[in-house]
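Student: Provided below for reference: sequence and predicted model.
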2 protein chains.
Amino acid sequence: MKITNFKNVTAEKVSDPAAQGVTIRWLISDKDNAPNFAMRLFEVAPEGHTPYHQHPFEHEVFVLKGKGSLVVEGGEHPFGEGDAIFVPGGEKHQFKNASKDALVFLCMVPIEK
Amino acid sequence: MKITNFKNVTAEKVSDPAAQGVTIRWLISDKDNAPNFAMRLFEVAPEGHTPYHQHPFEHEVFVLKGKGSLVVEGGEHPFGEGDAIFVPGGEKHQFKNASKDALVFLCMVPIEK
């Protein structure tokens, strides 16, 4: 059993050059012996964004704070606080901050085995 | 790709008689073709609690609002907003509301295959 406030977890800069103004905090991961999936908290600065990319695994996102848009092939979809977002594996996607305040969301991913 | 606000998902009463004052909203599940894990949002009323039980699978929890305590074998641990909680499979656990306001948290579980 582990209880940790997200504020006590280091916010690491996402170093991918295709990301801008993004930090990640690994809240629960294989380091905790989580067997199936990991929980990360992202903060995206105003005008920041994650890479526009794709990968075989899915994302499950919950928006804690702020407003953003999800870019996928064929369009851009607004989202905000309290939204749950499912991005299936293989779909191109990008999370953009669409406001002047921080965008904060959880993003869960499966753990590679 | 799916975006849904949690408020638009029906809050179902948790019918387990060992639970008190608990609702669940299934935000992302196998019905969305999520392949590995599901996202649920729980609300626990003041003086409410989830069952004190155990199961082979893990919980990954993020506390959105309120204050509670996590009962495990050997003790009770307070938690609050912004806390990430990992309960490994096989560990007895119970989430109790410890305040006069609603306790709201996300709880992710693996999907049975």
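Tutor: On my side now, so go ahead.

Student: Flag every residue of chain A that's near chain B.
Tutor: A:1-7, A:9, A:27-28, A:32-37, A:39, A:41, A:58, A:60, A:62, A:64, A:70, A:72, A:77, A:79-80, A:82-89, A:91, A:93, A:106, A:108, A:110 (CB under 8 Å from any CB of the partner chain). C-beta here means a position set from N, CA and C on the backbone, and glycine is covered the same way.

Student: Show the buried residues in the residues you listed.
Tutor: A:1, A:3-4, A:6, A:9, A:27-28, A:32, A:34, A:36-37, A:39, A:41, A:58, A:60, A:62, A:64, A:70, A:72, A:79-80, A:82-88, A:93, A:106, A:108, A:110 (16 or more other CB atoms under 10 Å in any protein chain shown).

Student: Look at residue A:7 and give its secondary structure.
Tutor: Here residue A:7 is helix, with the state taken from DSSP: H, G, I helix; E, B strand; the rest coil.

Student: mind listing what it touches?
Tutor: With CB atoms under 8 Å, 6 or more residues apart in numbering or on different chains as the criterion, the residues that contact residue A:7 are residue B:82.

Student: Filter the buried ones among the residues of chain A next to chain B down to the ones in strands?
Tutor: Among these, the ones falling in strands (DSSP state E) are A:3-4, A:27-28, A:37, A:39, A:41, A:60, A:62, A:64, A:70, A:72, A:79-80, A:83-87, A:93, A:106, A:108, A:110.

Student: Identify the residues contacting the closest residue to residue A:77 other than its chain neighbours.
Tutor: Among residues not flanking residue A:77 along the chain, residue A:70 sits closest, at 4.8 Å (CB to CB, 6 or more residues apart in numbering or on different chains). Going by CB under 8 Å, 6+ apart, residue A:70 touches A:76-77, A:79, A:85, A:87, A:93-96, B:1, B:3.

Student: how much space between residue A:70 and residue A:22?
Tutor: 14 Å (CB to CB, to the nearest Å).

Student: do the same with residue A:51
Tutor: Between residue A:51 and residue A:22 the computed distance is 9 Å (CB to CB).

Student: So between those two, which is more surrounded?
Tutor: residue A:22 (22 against 15; other CB atoms under 10 Å in any protein chain shown).

Student: who does that one bridge with?
Tutor: Here residue A:22 sits in beta bridges with residue A:44, as judged by DSSP bridges.
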